[in-house]
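S.K.: Sequence and predicted structure below; questions after.
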2 protein chains.
Amino acid sequence: MSEPRWLTDTEQRMWRALHSLGPSLERVLEQSLDADAGLSGADFAVLVPLSEAPERQLRARDLGLTMGWDRSRLSHQIRRMEQRGLLVRTNCPTDARGTFIELTPLGWQTIEAAAPAHVETVRRYVFDALTADEVLTLTALAEKLGERLGKPGLELCDGTGDSQADDAQAEGAQGDGAQAEGGDCAGSAAAVDTAASR
Amino acid sequence: MSEPRWLTDTEQRMWRALHSLGPSLERVLEQSLDADAGLSGADFAVLVPLSEAPERQLRARDLGLTMGWDRSRLSHQIRRMEQRGLLVRTNCPTDARGTFIELTPLGWQTIEAAAPAHVETVRRYVFDALTADEVLTLTALAEKLGERLGKPGLELCDGTGDSQADDAQAEGAQGDGAQAEGGDCAGSAAAVDTAASR
DNA sequence: AGCTGTTTGCTGACGTGTCAATAAGGTATC
DNA sequence: GATACCTTATTGACACGTCAGCAAACAGCT
């Protein structure tokens, strides 16, 4: 095993910013969603596809596929939401295994009331900070990364390709190892990801 | 209340890509971290600051501030990790309320072994897909958004300083911990605009 | 028909994060 | 030194997501 390709200062800075972005975004959205409509992010995520579906109902299978959710997770979530009266479960006539999830009037009313505040939050915290060009740029970058991350087993694909990545900057940024005896690894760990939290 | 400022198609596309990025990233990191070292993201997040600290120990308070974690969450996490032998708790001599969290040899060995694979994962899934210019661009955008979204956990974060800046790296840890995933509302992206149209 | 494998959905157990309450040590003020 | 208040850390109850396991229903095949 060769020496790990530790991150440069520049890379580290990007990594921290990028890695902390998800939780920050999530935190803000979840909070305002709950404050405005008494919904969790998961609640909202379920309500949206249902509200868009014809008859405001979907098979549990399709709902799960749409959201990329586990069947188990969806089942638990649906059960809780059904108890709160946001939706109901009905039998699927064509497939006895299936279950239809249908929005109740309360569920519809709830998401209808929540949407304006939600979009306003998204605007205020995201789009109001970006120019039109930046939106396009960020779209391209996010989609590129998302595509790569989406493929679970993408271990050895880069060999062939155009890994144009570069390594302009030298590394060796790990200075800090000094204080820790011996192990320069302390620095290395930090180099990867001080903000490794999830 | 005026008409909500619904998202355009272009904005919606960016929103979807951006909003799904966090969960995707987390999923990949968590998975490989667990496969390579038997650690969760939270485990790793705790180990990193400890491994960098002098004497490899920190007060629970400081550790919590560094990561932007709740006291309660930290206490639970520390208890579990102590049971696994990764760290130990000792009394703080100067403040009887305090608790020192200290890395055990096993804990040190664990993170030392985990770091190389972790940084390799980050490279493969993120940096290998980006050019040097893109890294700079993404850094700027992510930092701009992150700033607006507020510091995830850390009160003192980068803006204010604090940083023990030994060397290049350092700089306050951007906590981020905050809450765990929760819904990755890919759908919510849609909702922001779709529910709007009607 | 029977056999086999897959799909669909549910459940219980478990790990983790959040919240409220608790306790105890410190600090300020009178 | 007694009072009130803040800080620090822990705990238990609860909500949520993941996992393994289950059962019923479908589909394909002989």
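M.R.: Okay, I see it. Numbers count the residues shown, from 1 in each chain, chains lettered A, B, ... in the order given.
S.K.: Off-centre distance for the longest helix along chain A?
M.R.: The helix of greatest length in chain A, counted in residues with DSSP state H as the criterion, is given as helix A:9-37. Per CA atoms, centre = their mean, to the nearest Å, the displacement of helix A:9-37 from the mean C-alpha position of its chain is 10 Å.
S.K.: Counting by contacts, list what whatever helix or strand comes next after that helix packs against.
M.R.: For helix A:9-37, the following helix or strand on the C-terminal side (DSSP states H and E) is helix A:41-52. Contacts of helix A:41-52 with other secondary structure elements, assessed using 3 or more CB pairs under 8 Å, 6 or more residues apart in numbering or on different chains; DSSP states H and E, are made with helix A:9-37, strand A:57-59, helix A:60-67, helix A:71-83, strand A:99-103, helix A:105-125, helix B:186-197. Heads up, the C-betas are built off the backbone N, CA and C, glycines and all.
S.K.: If we use 10 Å, what do you get?
M.R.: On a contact count with 3 or more CB pairs under 10 Å, 6 or more residues apart in numbering or on different chains; DSSP states H and E, helix A:41-52 meets helix A:9-37, strand A:57-59, helix A:60-67, helix A:71-83, strand A:87-91, strand A:99-103, helix A:105-125, helix B:186-197.
S.K.: I figured A:Met81 hits A:Leu87, correct?
M.R.: Yes. Under the criterion of CB atoms under 10 Å, A:Met81 makes contact with A:Leu87 at 5.4 Å.
S.K.: can you list residues touching both of these two?
M.R.: Contact criterion CB atoms under 10 Å, 6 or more residues apart in numbering or on different chains; residues shared by A:Met81 and A:Leu87: A:46-47, A:50, A:101, A:103-104, A:107, A:110.
S.K.: Mind putting those into TSV with pLDDT and neighbour count?
M.R.: Conversion of the shared contacts of A:Met81 and A:Leu87 to TSV gives the following (pLDDT from 0 to 100; neighbours: other CB atoms under 10 Å in any protein chain shown):
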residue	pLDDT	neighbour count
A:Val46	97	32
A:Leu47	97	29
A:Leu50	97	23
A:Ile101	98	26
A:Leu103	97	24
A:Thr104	97	16
A:Gly107	96	24
A:Thr110	96	24
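S.K.: quick one: which of the residues you listed is nearest to DNA strand C?
M.R.: Nearest to DNA strand C among the shared contacts of A:Met81 and A:Leu87, counting by CB to the nearest atom of the strand, is A:Ile101 at 8.2 Å.
S.K.: so that closest one touches A:Asn91, yeah?
M.R.: No. With contacts counted by CB under 10 Å, A:Ile101 stays clear of A:Asn91, the gap being 11.5 Å.
S.K.: Check the burial of the nearest residue to A:Leu138 once chain neighbours are set aside by counting its neighbours.
M.R.: Leaving aside its chain neighbours, A:Leu138 sits nearest to B:Leu141 (5.3 Å; criterion: CB to CB, 6 or more residues apart in numbering or on different chains). Using other CB atoms under 10 Å in any protein chain shown, B:Leu141 is surrounded by 23 other residues.
S.K.: give me the element B:Leu141 is part of.
M.R.: B:Leu141 is part of helix B:132-149, with elements assigned from DSSP H and E.
S.K.: Could you export that helix as PDB, CA atoms only?
M.R.: Backbone C-alpha positions of helix B:132-149 (Å, rounded to 0.1, in the frame of the first residue of the first chain) are rendered in PDB as follows:
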ATOM      1  CA  ALA B 132      -8.600  22.500  -9.900                       C
ATOM      2  CA  ASP B 133     -10.800  25.300 -11.100                       C
ATOM      3  CA  GLU B 134     -13.900  23.500 -10.100                       C
ATOM      4  CA  VAL B 135     -12.500  22.900  -6.600                       C
ATOM      5  CA  LEU B 136     -12.000  26.600  -6.200                       C
ATOM      6  CA  THR B 137     -15.400  27.400  -7.600                       C
ATOM      7  CA  LEU B 138     -17.200  24.800  -5.400                       C
ATOM      8  CA  THR B 139     -15.300  26.000  -2.400                       C
ATOM      9  CA  ALA B 140     -16.500  29.600  -2.900                       C
ATOM     10  CA  LEU B 141     -20.100  28.500  -3.500                       C
ATOM     11  CA  ALA B 142     -20.300  26.100  -0.600                       C
ATOM     12  CA  GLU B 143     -18.700  28.600   1.700                       C
ATOM     13  CA  LYS B 144     -21.100  31.300   0.700                       C
ATOM     14  CA  LEU B 145     -24.100  29.000   1.300                       C
ATOM     15  CA  GLY B 146     -22.700  27.600   4.400                       C
ATOM     16  CA  GLU B 147     -22.200  31.100   5.800                       C
ATOM     17  CA  ARG B 148     -25.800  32.000   5.100                       C
ATOM     18  CA  LEU B 149     -27.200  28.900   6.600                       C
END
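S.K.: Could you check the angle that helix makes with helix A:105-125?
M.R.: Between the axes of helix B:132-149 and helix A:105-125, defined by axes from the mean of the first three to the mean of the last three CA atoms, to 10 degrees, the angle is 120 degrees.
S.K.: Helix B:132-149 - what's its average pLDDT?
M.R.: Helix B:132-149 carries an average pLDDT of 94.
S.K.: Give the other helices and strands that it contacts.
M.R.: Packing contacts for helix B:132-149, counted by 3+ CB pairs under 10 Å, 6+ apart, involve helix A:9-37, helix A:105-125, helix A:132-150, helix B:9-37, helix B:157-160.
S.K.: In space, not sequence, find me the middle residue of chain A.
M.R.: Taking CA atoms, centre = their mean, the centroid of chain A lies closest to A:Gly22, which sits 6.6 Å from it.
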